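> Need a 3D model of the following:
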Amino acid sequence: MIALDVYSVESIYYHPTVQKLAGEKLAAVVGGDLKEKLDRANVDAIKAIRDNAKHLSMRIAEKSARAQIFSLLPKKGEIAEGGTRTAKIDFAKCAQDEMNRLETLVNASDFVGILQRYPIRESAALDAIAKALNFADRNQYEAAVRNLLVQDPEAVKLIRTLLGSFPCGLIA
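Below is the predicted model:
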């Protein structure tokens, strides 16, 4: 298992670079102004994120608070050495910090930043993107992306760059 530089697979499927690749293929068939569609997809996705900001930020605040708690668990040998550990974790501060972080990204329309940190599949953003690009729904959009990867080796190379670095020898 490898840790990616993204929150989830949706972060790859819905990255603006992948949206453009899939949109180009569809626009070649049905026409239309791709730049306008991509702009609309971004606006609609940001609106969907804004509408779900509290939920999305709370999900990451929970992860942050849990990580802080788990970091307090004793490491190998620490119990035998003795000692104590106490901590105070301010859950309200975790929540507020995360809400502020998400609001900053939303206000900057930083969709890539949002993709990398938040579970956007828990919002209406994915459907909004698919519809703005003229796909029937997100299932059709995701099928188009998979089909693109099967047919276009250059698209595969480009998408691999979005995944971040892999350990040596893992991927050729």
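> so what's the residue nearest to the spatial centre of the chain closest to, chain neighbours aside?
Nearest residue to the geometric centre of the chain (CA atoms, centre = their mean): Leu115, 2.6 Å. On the basis of CB to CB, 6 or more residues apart in numbering, the spatially nearest residue to Leu115 that is not a chain neighbour turns out to be Ser11, at 4.3 Å. For glycine as for every other residue, the C-beta is placed from the backbone atoms N, C-alpha and C.
> Could you tell me which other helices and strands the host helix or strand of that neighbour packs against?
Taking DSSP states H and E as the definition, one finds Ser11 inside helix 10-13. Secondary structure elements in contact with helix 10-13, counted by 3 or more CB pairs under 8 Å, 6 or more residues apart in numbering; DSSP states H and E, are helix 111-117, helix 138-151.
> shaky segments in the chain?
1-7, 164-172 (pLDDT under 70).
> mind listing the helices for it?
Here the chain has its helices, by DSSP state H, at 10-13, 16-30, 34-51, 53-70, 78-81, 91-107, 111-117, 125-132, 138-151, 153-162.
> out of those, deepest packed?
helix 125-132 (a mean of 22; mean count of other CB atoms under 10 Å).
> Now find how far off-centre that helix is within its chain.
Centroid separation between helix 125-132 and its chain, computed with CA atoms, centre = their mean, to the nearest Å, is 14 Å.
> Kindly export that helix (C-alpha atoms) in CSV.
Listed next in CSV are the C-alpha coordinates belonging to helix 125-132 (Å, rounded to 0.1, in the frame of the first residue of the first chain):
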residue,chain,number,x,y,z
ALA,A,125,-19.2,18.7,-6.2
LEU,A,126,-18.6,15.5,-8.2
ASP,A,127,-22.1,15.6,-9.8
ALA,A,128,-21.8,19.3,-10.4
ILE,A,129,-18.5,18.9,-12.3
ALA,A,130,-19.8,16.0,-14.4
LYS,A,131,-23.0,18.0,-15.4
ALA,A,132,-21.1,21.2,-16.1
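> Any chance you could list what contacts that helix?
Here helix 125-132 makes contact (CB atoms under 8 Å, 6 or more residues apart in numbering) with 10, 13-14, 19, 37-38, 40-41, 43-45, 47-49, 52, 120, 136-138, 140-141.
> rerun at 7 Å
10, 14, 19, 37, 40-41, 44-45, 48-49, 120, 137-138, 140-141 (CB atoms under 7 Å, 6 or more residues apart in numbering).
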